[in-house]
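Engineer: no letters, just coordinates:
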């Protein structure tokens, strides 16, 4: 039985790749892939994770609501994306690293 939390990374460039690295290194997450509004990236594999689709399109294919990390730098865009994804039932991932 897989007890890992299903995780989607919002945006696949820059911090998105860092988020994949963090999730892999702390464990406990099954990385489903990236959701990005740039449809030219759909299907690409970046840092070992596939670009799925937009979050709206990908959401229709999920059997359960995933956790997500928003890796968008612009505050106003990040705020809108987090509100939209949270409103769809996605759960913001919070990480705590124990030493």
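Structural biologist: Cool, got the structure. Everything numeric here is computed off the predicted structure, so don't read it as measured data.
Engineer: the protein: strands as residue ranges?
Structural biologist: 5-10, 29-35, 45-46, 49-53, 67-70, 91-92 (DSSP state E).
Engineer: next, the angle from the fourth one to strand 29-35.
Structural biologist: An angle of 50 degrees separates the directions of strand 49-53 and strand 29-35 when computed by axes from the mean of the first three to the mean of the last three Cα atoms, to 10 degrees.
Engineer: ok, the first one next?
Structural biologist: Interaxial angle of strand 5-10 relative to strand 29-35 (the same axes, to 10 degrees): 30 degrees.
Engineer: can you list contacts of strand 5-10?
Structural biologist: 16, 19-20, 23, 28-36, 49, 52, 55, 58, 62, 64, 66-72, 81, 85, 90, 93 (Cβ atoms under 8 Å, 6 or more residues apart in numbering). Yep, even glycine has a C-beta here, placed from its N, CA and C like the rest.
Engineer: shaky segments in the protein?
Structural biologist: Residues of the chain meeting the criterion pLDDT under 70: 1, 95-99.
Engineer: give me the nearest residue to residue 18, chain neighbours excluded.
Structural biologist: Among residues not flanking residue 18 along the chain, residue 71 sits closest, at 7.3 Å (Cβ to Cβ, 6 or more residues apart in numbering).
Engineer: many thanks, have a good one.
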